[in-house]
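S.K.: Dropping a prediction and its sequence here:
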Amino acid sequence: GNYDVGIVQLKSDKINPVSNTESYFFNGARWGIWFSNGSRDLVETGEVVLDENSVELFPNPCHDNVNILSKSEYFDKIEIFNTQGLKIWEKRSNFNPQEKIVVPLRDFNSGCYVIKLSRSGNVIIMKIIKE
């Protein structure tokens, strides 16, 4: 079948279109690519994003495991998201500062992932590369 491919200018939130700008659509296009310039944080309403320098994530890139070491923050949940924003792994526990947490990634495909550490509405979001 035929598919429409489009180009739409987005606001800085990378979600909403810029008003009063032209959009371009092509009927019968054969190949399409979706991309966006910039980045979006995976933050829910009401969350406070903490300084990612308070956490070490190593090695990065990694092969089988990635280690998380919080210098000063307490966390009760670790989530991993793929590049489509789907949560693919989660662990809940009481993670204390200076406690090394080993996250197994050996069953993950190679690629980029987002790790979200959270507790009581405070979050740290970091990127990891699995080789």
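M.R.: Thanks, I have it.
S.K.: make it CA atoms for all contacts and neighbour counts henceforth
M.R.: Fine.
S.K.: My read is that P97 contacts E56, right?
M.R.: No. The pair P97 / E56 is not scored as a contact, 11.0 Å apart, by CA atoms under 8 Å.
S.K.: what do those two both touch?
M.R.: Here P97 and E56 share the contacting residues 69-71, scored by CA atoms under 8 Å, 6 or more residues apart in numbering.
S.K.: Among these, which one lies nearest to I129?
M.R.: Distance to I129 across the shared contacts of P97 and E56 (CA to CA) is lowest for L69, with 17.0 Å.
S.K.: and the gap between that closest one and V18?
M.R.: 41 Å (CA to CA, to the nearest Å).
S.K.: Out of those two, name the residue with the larger neighbour count.
M.R.: For L69 and V18, the more surrounded residue by other CA atoms under 10 Å is L69, and the numbers stand at 19 against 14.
S.K.: Which residues does the more buried one form beta bridges with?
M.R.: Beta bridges link L69 to E56, K100, judged by DSSP bridges.
S.K.: same deal with the one 10 residues further on?
M.R.: On DSSP bridges, the residues paired with E79 through beta bridges are E90, K116.
S.K.: Report the contact partners of it.
M.R.: By CA under 8 Å, 6+ apart, the contact list for E79 reads 87-91, 115-117.
S.K.: one more time with 6 Å
M.R.: Contact analysis of E79 by CA atoms under 6 Å, 6 or more residues apart in numbering lists 89-90, 115-116.
S.K.: Can you add neighbour count, distance to N122 and pLDDT and give those back as a markdown table?
M.R.: Putting these into a markdown table (neighbours: other CA atoms under 10 Å; distance: CA to CA, whole Å; pLDDT from 0 to 100) gives the following:
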| residue | neighbour count | distance to N122 | pLDDT |
| --- | --- | --- | --- |
| W89 | 15 | 19 | 94 |
| E90 | 14 | 16 | 95 |
| I115 | 21 | 14 | 92 |
| K116 | 20 | 10 | 91 |
